[in-house]
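Undergrad: No sequence on hand, only this structure:
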């Protein structure tokens, strides 16, 4: 039986969701077929000098050339150093694990961008997968966007849009916007909030701005006709129409961070087991608070 209070959802791709659960358990799930697969633990060796390891970036995508589903995981190794009797810790992101559904196995990837030292900031809950590439916030000598090519299994970097305020004052959420990489920029604190949408199509351009939206905490993704799902300051799910500036409260309350997933049914097999065989029990937020 798998029981978790908190799950981060990646995808879906062709109807398959990747679930990042407690205790670094990663699962694939097809809700249409009720097929469920817990990924095997990686056997990749960590440096013996590492005092600790942490998983600081995870991406899920589809390799169209080999018809394979892949999970990429960036691992940070923490090394302990002693100086004058005091302990100092240095965190590096030096290792990358890649899982292949076809092979049902993990392998280690070496890449010069990762080897030079990149600190991944995997904080967004939006869909960061666009046209075969998965994207993360990251820092090297400066703030950048790190991308992973699911076909060629290589990393590359992109600059961030040049928005006012910088990361000292603003949040930036990456997302798939109509098949292009998009970025929503909004203030870290305060209400009402304003939202700027930037789109990458060879270079960054500001698509539009939404000014002074009251009683909201953060964006959750776009819906039809440019409507925007938002999480309100009291943890309610609302739909905002920028053209009319009207709010629609959807009557859904969350006691943890919300995610919006646009799901399309699929019969693609993940070579797993049924939810019943795996003793998977799905519980709603109402069950938890009731």
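TA: Alright, I've got the coordinates. For clarity, every value in this text was computed on a predicted model and none was experimentally measured.
Undergrad: Would you mind naming the residues that bridge with residue 228?
TA: Note on residue 228: beta-bridge partners by DSSP bridges are residue 222, residue 240.
Undergrad: Show me where the stretch 151-290 of the chain has its helices.
TA: Listed in chain order, the helices of the stretch 151-290 of the chain (DSSP state H, counting those that start in this stretch) span 285-289.
Undergrad: can you give me the strands for it?
TA: Residue ranges of the strands in the stretch 151-290 of the chain, as given by DSSP state E, counting those that start in this stretch, are 154-158, 170-177, 180-187, 193-200, 204-213, 216-222, 228-232, 236-241, 246-253, 273-274.
Undergrad: likewise the stretch 1-150 of the chain?
TA: Residue ranges of the strands in the stretch 1-150 of the chain, as given by DSSP E, counting those that start in this stretch, are 8-13, 16-20, 26-30, 35-38, 50-63, 68-83, 86-100, 105-109, 119-121, 129-130, 133-139, 143-149.
Undergrad: Indicate which one of the ones you listed is closest to residue 222.
TA: Proximity to residue 222 (Cβ to Cβ) singles out strand 129-130 among the strands of the stretch 1-150 of the chain, at 13.6 Å. Bear in mind the C-beta positions are built from the backbone N, C-alpha and C, glycine included.
Undergrad: hmm, back to that, in JSON lines: the strands of the stretch 151-290 of the chain, plus distance to residue 43.
TA: As requested, the strands of the stretch 151-290 of the chain are exported to JSON lines (distance: least, Cβ to Cβ, whole Å):
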{"stretch": "strand 154-158", "distance to residue 43": "22"}
{"stretch": "strand 170-177", "distance to residue 43": "31"}
{"stretch": "strand 180-187", "distance to residue 43": "33"}
{"stretch": "strand 193-200", "distance to residue 43": "37"}
{"stretch": "strand 204-213", "distance to residue 43": "40"}
{"stretch": "strand 216-222", "distance to residue 43": "36"}
{"stretch": "strand 228-232", "distance to residue 43": "39"}
{"stretch": "strand 236-241", "distance to residue 43": "41"}
{"stretch": "strand 246-253", "distance to residue 43": "41"}
{"stretch": "strand 273-274", "distance to residue 43": "22"}
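Undergrad: Now mean pLDDT and distance to residue 44 too, for those, in a markdown table please.
TA: A markdown table is the format used below for the strands of the stretch 151-290 of the chain (pLDDT from 0 to 100; distance: least, Cβ to Cβ, whole Å):
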| stretch | mean pLDDT | distance to residue 44 |
| --- | --- | --- |
| strand 154-158 | 93 | 17 |
| strand 170-177 | 88 | 27 |
| strand 180-187 | 91 | 29 |
| strand 193-200 | 90 | 32 |
| strand 204-213 | 88 | 36 |
| strand 216-222 | 87 | 33 |
| strand 228-232 | 89 | 36 |
| strand 236-241 | 90 | 39 |
| strand 246-253 | 87 | 40 |
| strand 273-274 | 78 | 25 |
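Undergrad: Kindly reformat those strands as TSV containing mean neighbour count and distance to residue 24.
TA: Below are those laid out as TSV (neighbours: other Cβ atoms under 10 Å; distance: least, Cβ to Cβ, whole Å):
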stretch	mean neighbour count	distance to residue 24
strand 154-158	15	21
strand 170-177	20	23
strand 180-187	21	27
strand 193-200	20	31
strand 204-213	14	34
strand 216-222	21	25
strand 228-232	20	26
strand 236-241	18	28
strand 246-253	12	28
strand 273-274	13	21
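Undergrad: out of those strands, nearest to residue 16?
TA: Shortest distance between residue 16 and the strands of the stretch 151-290 of the chain, using Cβ to Cβ, is found for strand 273-274: 14.7 Å.
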